[in-house]
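>>> Predicted structure and sequence below. I'll ask about it afterward.
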Amino acid sequence: MVNKAVKTMSIKGLIKSNIREIPDWPEKGVSFKDITPLLQDKEIFGRLIDELAKPYINKKIDKIIGIDARGFILASALAYKLKTGLTIVRKKGKLPFKTISKKYSLEYASNILEMHKDSILPGEKVIIVDDVLATGGTMEATVGLIKELKGKIIGIDFLIELNYLKGRKKLKGYKIKTLVNYKQ
């Protein structure tokens with residue numbers, strides 16, 4: 001049975017009302033945005049993937065790039081919806097084949113991202129998808145990986161943007177779409 005509120009509520013309202021905030025996780029001062037309630041509800045999950053897909057319907061996209069780990073969930077559903085390939089960007093040491101890598105920092109840690117050297121062919125049109133834009137470090141590193149492989153970035157999509165961390169500044173010149181913004 002379809003929940004009537006899910007069908008009539010705006011996508012932004014639906015997403016915001018179903019994100020669970022966890023204070024002081026993974027460390028003190030961080031307010032973690034838990035998206036699992038969105039994923040657990042088939043109606044909400046379907047609407048959010050449809051919303052992410054809207055700008056790209058009837059456009060030639062070769063690959064959707066998903067970032068470790070929640071970005072994989074959104075990217076795989078979006079790739080299916082748009083009938084594209086799927087490429088993943090993982091934390092260091094998780095991919096079995098030859099990789100390229102970039103270091104990145106975020107609000108509470110730093111790490112290294114990797115992707116397979118053969119995951120994007122020169123000139124392929126890609127969309128990058130992740131769950132949250134915070135400081136922009138993870139996406140900036142991913143953009144660097146894609147540029148190194150000579151992929152063409154058509155869009156960068158996020159479920160959530162934490163505007164107060166100003167991550168968008170690191171992504172100037174790219175078409176960015178976020179479904180929900182948090183001012184503070």
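Alright, I've got the coordinates. Numbers count the residues shown, from 1 in each chain.

>>> Return the distance of the strand of greatest length in the chain from the chain's centre.
Longest strand of the chain, by residue count under DSSP state E: strand 152-162. How far strand 152-162 lies from its chain's middle: 6 Å, per CA atoms, centre = their mean, to the nearest Å.

>>> Also stretch 94-101?
For stretch 94-101, the distance to the chain centre is 20 Å (CA atoms, centre = their mean).

>>> How about stretch 33-50?
With CA atoms, centre = their mean, you get 14 Å for stretch 33-50.

>>> what comes up buried for that stretch?
Of all the residues in stretch 33-50, those buried under the rule 16 or more other CB atoms under 10 Å are 33, 35, 38-39, 44-45, 47-49. Where C-beta positions appear, they are placed from N, C-alpha and C, glycine not excepted.

>>> Looking at the residues you listed, which are in helices?
38-39, 44-45, 47-49 (DSSP state H).

>>> residues touching Ala141, list them.
If you count contacts by CB atoms under 8 Å, 6 or more residues apart in numbering, Ala141 has them with 102-104, 113.

>>> no no, Glu51
Per CB under 8 Å, 6+ apart, neighbours of Glu51: 11, 179.

>>> Check the gap between it and Lys7 for me.
Distance, Glu51 to Lys7, using CB to CB, to the nearest Å: 14 Å.

>>> likewise Leu133?
Distance from Leu133 to Lys7, by CB to CB: 28 Å.

>>> ok, the two, which is more surrounded?
Per other CB atoms under 10 Å, whichever of Leu133 and Lys7 has more neighbours is Leu133, with 25 against 10.
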